[in-house]
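Visitor: just the structure for this:
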Amino acid sequence: MDAHDRLVASLRAALDVRPEDVTLRLHLAQVLLDAGDLPGAMSEAAEALRHDPACDQARDFMVTALGSRPSDVAASGDTEPRPTASDPRTPGTGAPSAASQGERFDWTAAEKEVAGLVGPRFADEAAAPDAYETEAPALRLADIGGMEDVKERLEVAFLAPMRNPELRALYGKSLRGGLLLYGPPGCGKTFLARAVAGELGASFIAVGISDVLDMYIGQSERNLRELFAQARRQAPCVLFLDEVDALGQKRSQSRSSGMRTVVNQLLEEMDGVAADNDGLFILGATNQPWDVDTALRRPGRFDRTILVLPPDLAARRAVLEFHLRNRPVENIDLAVLADRTDGFSGADLEHLCDTAAEQALIASSRSGTVRMIGMADFETALRQVRPSTGPWFDAAKGVAMFANEGGAYDDLLAYLKRQRML
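Guide: Below you'll find the model as predicted:
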């Protein structure tokens, strides 16, 4: 290692300890420039500007360095001394510079020279990445087995008016307002919302409480503004708000003033007070619609509700087939399994398939011989897995019977009667 390399190594070691030392970094840049390493010198000067954007010395150095050609540097064999601080060719000194003598420095050419070395001085806010993930679902309602009543309600209440703007205009049908999906957990509300976006050919943004609520005062409201602003930019867009009862809980029951302002912000965004919601379709999901603030259920907001119940016979068969499609199975009677899983949610059915697969896996591990998943494994799984929807119906029963104001829960009441739960 020669003297130059040792000097460069020493300077870099010192900068590792004190990377913000602009003077030391410019000294290294000058050493590199004197040795003919123009890109290395420019990189160090750019790093100096990153630490101190107002450093005139770094900018003057870059102007001087850009005025040097590779043939000018010592590495090319030219012995002409490099300009110094007292040299009239050096900008930023009392001596006359090229610019002061009437020549105009070509900043456009200079920027091209340092392209990739120096970043923009200010970030472009418009180019900032979106905060929430956007999907373009290929899923359609026809891809969902069973649930014909729910599909029909979606078609009548939401999809048909959106697909037929001429008829909508003829009958004066407004697109204002959103759709609230409610029912026991694990029954496919998010799946349905994604299928609605696919039917409309719209982008899809799904968020939950963890994406919006924040511990700092005012940040939750800002998150909601950013969420709706992003959805409006990507219109047509289906915005899916999961756990609406947490985001828009009844203000009369809230002990936190912060949560009340979150509900106020959500109401403002849904009303489109500060922006146009044209092309923005809002879907919400909740397991506890009775805890949603009444203001959110008024016309123009979540004014239409659809009950999403545990999958029916055809849907259960389709869900079971879906979760077994890539597993080694033999002689599985889907009709029998679908019949014996009445009241199971979609999540329960997935858990049932996982439990049956575990039985076959454990048996294969113990015997050392791989075997298929059979009905015997499902018999064992059915003794272990029980429907998780029971507690929800127990809680919903009282609401349907004694708090069914305006017939909001007539569908739920009819289902409870059919299932002999009343």
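Visitor: okay, now the unreliable bits of the stretch 151-300 of the chain?
Guide: 174-177, 255, 274 (pLDDT under 70).
Visitor: again, 80 this time
Guide: Flagging of the stretch 151-300 of the chain using pLDDT under 80 yields the residue ranges 157-158, 161-163, 165, 168, 172-177, 252-258, 272-276.
Visitor: residues contacting residue 405?
Guide: Applying C-beta atoms under 8 Å, 6 or more residues apart in numbering to residue 405 gives no contacts. All C-beta atoms are positioned from the backbone trio N, CA, C, and that covers glycine.
Visitor: for the helix or strand residue 24 falls within, the distance to its chain's centre please.
Guide: Assessed by DSSP states H and E, residue 24 sits inside helix 22-34. Helix 22-34 has its C-alpha centroid displaced from the chain centroid by 44 Å (C-alpha atoms, centre = their mean, to the nearest Å).
Visitor: so which bits of that helix are buried?
Guide: Residues 22, 24, 25, 26, 27, 28, 29, 30, 31, 32, 33 are the ones in helix 22-34 that count as buried (16 or more other C-beta atoms under 10 Å).
Visitor: can you list those residues in JSON lines and add pLDDT?
Guide: As requested, the buried residues of helix 22-34 are exported to JSON lines (pLDDT from 0 to 100):
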{"residue": "22", "pLDDT": "85"}
{"residue": "24", "pLDDT": "87"}
{"residue": "25", "pLDDT": "87"}
{"residue": "26", "pLDDT": "88"}
{"residue": "27", "pLDDT": "88"}
{"residue": "28", "pLDDT": "87"}
{"residue": "29", "pLDDT": "87"}
{"residue": "30", "pLDDT": "89"}
{"residue": "31", "pLDDT": "87"}
{"residue": "32", "pLDDT": "86"}
{"residue": "33", "pLDDT": "86"}
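Visitor: touching, residue 338 and residue 316? I think so.
Guide: Yes - the criterion here is C-beta atoms under 8 Å, and residue 338 meets it with residue 316 at 4.2 Å.
Visitor: domain boundaries for the protein, per the record?
Guide: Listed domain ranges for the chain are 3-98+105-122, 141-307, 313-384 (source: automatic domain parsing).
Visitor: after the longest strand anywhere in the chain, next one along is what?
Guide: In the chain, assigned by DSSP state E, the strand with the most residues is strand 280-286. Downstream of strand 280-286, the next assigned helix or strand under DSSP H and E is strand 304-307.
Visitor: buried ones in the helix or strand just after that next one?
Guide: Counting by DSSP H and E, the next helix or strand C-terminal to strand 304-307 is helix 313-324. Using 16+ other C-beta under 10 Å as the test for burial, helix 313-324 gives 315, 316, 317, 318, 319, 320, 323, 324.
Visitor: okay, now the residue nearest to the last one when sequence neighbours are not counted: neighbour count?
Guide: Spatial nearest neighbour of residue 324, chain neighbours left out: residue 353 (5.8 Å); criterion: C-beta to C-beta, 6 or more residues apart in numbering. For residue 353, the number of neighbouring residues by other C-beta atoms under 10 Å comes to 24.
Visitor: confirm residue 353 sits in a strand?
Guide: No - assigned with DSSP: H, G, I helix; E, B strand; the rest coil, residue 353 falls outside any strand and is helix.
Visitor: that one and residue 327 touch, don't they?
Guide: Yes - when contacts are counted by C-beta under 8 Å, residue 353 is listed as touching residue 327 (7.5 Å).
Visitor: hang on, the earlier thing: what is the helix holding residue 24 packed up against?
Guide: Contacts defined by 3 or more C-beta pairs under 8 Å, 6 or more residues apart in numbering; DSSP states H and E place helix 22-34 against helix 3-17, helix 38-51, helix 56-66.
Visitor: now the longest one against helix 38-51, angle please.
Guide: Read that as helix 3-17. On the basis of axes from the mean of the first three to the mean of the last three C-alpha atoms, to 10 degrees, helix 3-17 is oriented at 20 degrees to helix 38-51.
Visitor: what score does residue 85 have for pLDDT?
Guide: Among the per-residue scores, residue 85 shows a pLDDT of 41.
Visitor: start the count at 51, not 1, going forward
Guide: Renumbered: residue one is now 51, and that last one reads residue 135.
Visitor: any idea how far residue 243 is from residue 100?
Guide: 45 Å (C-beta to C-beta, to the nearest Å).
Visitor: can you classify residue 456 by secondary structure?
Guide: Relying on three-state DSSP, one would call residue 456 helix.
Visitor: and the gap between it and residue 348?
Guide: Using C-beta to C-beta, residue 456 is found at 12 Å from residue 348.
Visitor: next: residue 258.
Guide: According to C-beta to C-beta, residue 258 stands 23 Å off from residue 348.
Visitor: compare the two (neighbour count), which wins?
Guide: Taking other C-beta under 10 Å, residue 258 and residue 348 do not tie; residue 258 has more neighbours (16 against 12).
Visitor: need the phi and psi values for the more buried one.
Guide: phi -120, psi -170 (degrees, to the nearest 10).
Visitor: likewise residue 257?
Guide: The phi/psi pair for residue 257 (degrees, to the nearest 10) is phi -130, psi 150.
Visitor: contacts for whatever helix or strand residue 245 lives in next, please.
Guide: Using DSSP H and E, residue 245 sits in helix 239-250. Outside helix 239-250, the residues that touch it by C-beta under 8 Å, 6+ apart are 185, 187-191, 193-194, 197, 200, 204, 208-209, 212-213, 231-233, 253-254, 256, 286-288, 290, 292, 331, 333, 335, 358, 396.
Visitor: cool, stretch 75-83 as well?
Guide: Contacts of stretch 75-83 (C-beta under 8 Å, 6+ apart): 54, 57-58, 61-62, 65, 69, 90-92, 94-95, 97-98, 101, 107-108, 111, 115, 118, 123, 132.
Visitor: if we use 6 Å, what do you get?
Guide: 61, 65, 90, 91, 94, 95, 98, 111, 115 (C-beta atoms under 6 Å, 6 or more residues apart in numbering).
Visitor: which residues of the stretch 151-300 of the chain fall in helices?
Guide: Taking DSSP state H, counting those that start in this stretch, the helices of the stretch 151-300 of the chain run over residues 157-163, 198-204, 210-213, 215-220, 239-250, 259-262, 269-283, 294-297.
Visitor: packing partners for the longest one?
Guide: Using 3 or more C-beta pairs under 6 Å, 6 or more residues apart in numbering; DSSP states H and E, the elements in contact with helix 269-283 are helix 259-262, helix 307-321.
Visitor: kind regards, and thank you for your time.
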